[in-house]
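1. Need the 3D shape of this:
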Amino acid sequence: MNVLHSSTDPVAVFDRAVATWPERPALDIDGTVFTYAQLAVLADEVAQRCDAMLPDGSRVALVAQRDVATYAAVLGILRSGRSYVPLHADHPAERWQQAMDQAQVAAVFDASSTTALQRTAVTAPAQAVGEAYVMFTSGSTGGPKGVPVLRRHVAAYLAHALAHFGITEQDRCTQLFSLAFDLSVHDLFVTWGSGACLCVSREPAGLRTAAHVQRAGITTWFSVPSLIDLMARMRALPANGLLTIRASFFCGEALRWDQVQRWASAAPNSRITNLYGPTEATIALLEHPVVPPYATAGIVPIGRPFPGSNALVRGGAAEGELCLGGPQVTEGYLGTTSAQANFLRDADGSVTYATGDRVRCDASGVYHFLGRMDDQVKVQGHRVEPVEVDHALQPLLKERTSVTVAVERDGVMRLVTFIDGPADEVALLHALRQRLPSYMVPEAIRVLDALPLNPNGKVDKRALNELAQHG
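-> Residues are numbered from 1 along each chain as shown. Predicted coordinates for the structure are as follows:
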């Protein structure tokens, strides 16, 4: 085994909790509880199987399910010195295959299979020594792009989170993110690094989430802000309905002030922290404590960078593209992609990541999110490049063209695709569901005689946005 020894390495923080609180609950899945000692045994079994079957430093695909075997597999794969490549359980097989091919995984761990750990046909797996995981995000060139994150990047995040977020062994923490979403890494290792209990529900987030909070005695919450809107629409966020929560963290989307007000009414005993960070900067790198008085409209600031990390506006202006540097920033994407240009390499070898997010830095050094520099949007907290939908459609359209745009209605980001000519919209939507994650499938496909053009002869996306919003 190739176990690293940083004091905040993810395996090291779990091991420390096992040694300190072996009989405390580490994992609660709908009322079935596993102690730290029990989870450690299961993780060791996975690590031993990896060592017996797989090359050192290889990557293991992991079907992201909500069962003890899967959580133990995350720990066991890391304990063995290998890295995991999570596959969202609800994504189509084609999406899985794209991720596994890019990452050159040596095996697949699927807790629902009788053999669980199965070798793949890869004969020369990528060497991933020191790597923790590979997360895939939407790509503008037609497919997902992989972000390899090293264990030292995770250790840098944990060094700040464990020291400053105030989680203790008495806490009971949510696990609302899929393991295929990098914010889940916070859930697992901030919880286990604190000796707290990770509380998992197999119910979809939304209507029953408030009941899960009450049933599990949740004290620490972490979600995307849009979950506030979803719960409110389902009338599952009554005033004083979440009294056990004492700390709430939001990340993955812009946090609006009206969402803060709604949340503060439901969880009046909780402090609120807005976190910001792309997958390329390992979970989150900026934070903003949200304190009264709350504004009534607009967006909550994304705050200041963690100590030891850097945030700056490209070109030194007060407003423009946000760039991030420091020990959490990854080295680049898997393979060759034009998006590698987002990683700016200095003469001393340090890497700065150009996020594509437009921000303003105020006089006190607090950053405010203003929107995107490009067409990328967040849907249910996931990064989506609308052009990736068009790439998936293109083989089905022959001579026709599609353009996908994103519009926000009722606080929800929605995708709408326009096609210049006759098409079977139902069949195309069915085909997209076989190729793309559900959050990337447009809510509608609309057929036009021709796509509108601007004076330069290019597709007028502003006109398409108006049609999607009001047409």
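
2. Would you tell me what the next helix or strand after the helix or strand hosting residue 45 is?
-> Using DSSP states H and E, residue 45 maps to helix 36-53. Note on helix 36-53: by DSSP H and E, the next helix or strand toward the C-terminus is strand 59-64.

3. Output that next one as CSV, restricted to C-alpha atoms.
-> Only the C-alpha atoms of strand 59-64 are listed here, as CSV (Å, rounded to 0.1, in the frame of the first residue of the first chain):
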residue,chain,number,x,y,z
ARG,A,59,-7.6,4.2,-11.2
VAL,A,60,-10.7,2.4,-10.1
ALA,A,61,-14.2,3.4,-11.4
LEU,A,62,-16.8,3.5,-8.6
VAL,A,63,-20.5,3.2,-9.2
ALA,A,64,-21.7,6.0,-6.8
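
4. Output the below-cut-off pLDDT ranges for the stretch 301-450 of the chain.
-> Applying pLDDT under 70 to the stretch 301-450 of the chain flags no residue at all.

5. That one: strands as residue ranges?
-> Assigned by DSSP state E, counting those that start in this stretch, the stretch 301-450 of the chain shows strands spanning 304-305, 310-313, 319-325, 343-345, 351-361, 367-372, 377-379, 382-384, 402-409, 412-420, 444-448.

6. Out of these, which gets nearest to residue 455?
-> strand 402-409 (17.4 Å; C-beta to C-beta). For glycine as for every other residue, the C-beta is placed from the backbone atoms N, C-alpha and C.

7. and that closest one with strand 367-372, angle?
-> Orientation check (axes from the mean of the first three to the mean of the last three C-alpha atoms, to 10 degrees): strand 402-409 against strand 367-372 gives 140 degrees.

8. Show me what strand 402-409 is in contact with.
-> 375, 377, 379, 384, 386-387, 389-390, 393-394, 413-420, 442, 445, 451, 459, 461, 464-465, 468-469 (C-beta atoms under 8 Å, 6 or more residues apart in numbering).

9. Just the buried ones out of these, please.
-> Buried by 16 or more other C-beta atoms under 10 Å: 377, 379, 384, 386-387, 389-390, 393, 413-420, 442, 445, 451, 459, 461, 464, 468, out of these.

10. my read: residue 368 touches residue 304, true?
-> No - using C-beta atoms under 8 Å as the test, residue 368 is too far from residue 304 to be in contact (11.4 Å).

11. buried set for stretch 420-440?
-> For stretch 420-440, by 16+ other C-beta under 10 Å, it's 420, 423, 428, 431-432, 435-437, 439-440.

12. Kindly report the same for stretch 292-302.
-> 299-302.

13. need the residues you listed in CSV with distance to residue 32, can you?
-> Converted to CSV, these look like this (distance: C-beta to C-beta, whole Å):
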residue, distance to residue 32
299, 40
300, 36
301, 40
302, 37
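
14. who does the helix holding residue 45 touch, helix- and strand-wise?
-> For helix 36-53, the packing partners by 3 or more C-beta pairs under 8 Å, 6 or more residues apart in numbering; DSSP states H and E come out as helix 10-20, strand 25-29, helix 68-79, strand 107-109, strand 117-119.

15. if you average pLDDT over the longest one, what comes out?
-> Think helix 68-79. Average pLDDT, helix 68-79: 98.

16. what's the angle from that helix to strand 25-29?
-> Going by the same axes, to 10 degrees, helix 68-79 makes 140 degrees with strand 25-29.

17. Tell me where this structure has helices.
-> For the chain, the helices defined by DSSP state H cover 10-20, 36-53, 68-79, 93-103, 151-164, 183-193, 209-216, 226-233, 257-266, 386-397, 425-435, 461-470.

18. a markdown table for those helices, including distance to residue 174?
-> Shown next, in a markdown table, are those (distance: least, C-beta to C-beta, whole Å):
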| stretch | distance to residue 174 |
| --- | --- |
| helix 10-20 | 18 |
| helix 36-53 | 18 |
| helix 68-79 | 14 |
| helix 93-103 | 26 |
| helix 151-164 | 15 |
| helix 183-193 | 7 |
| helix 209-216 | 8 |
| helix 226-233 | 10 |
| helix 257-266 | 13 |
| helix 386-397 | 29 |
| helix 425-435 | 29 |
| helix 461-470 | 33 |
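
19. OK, contacts around residue 250?
-> 222-225, 259, 272-275.
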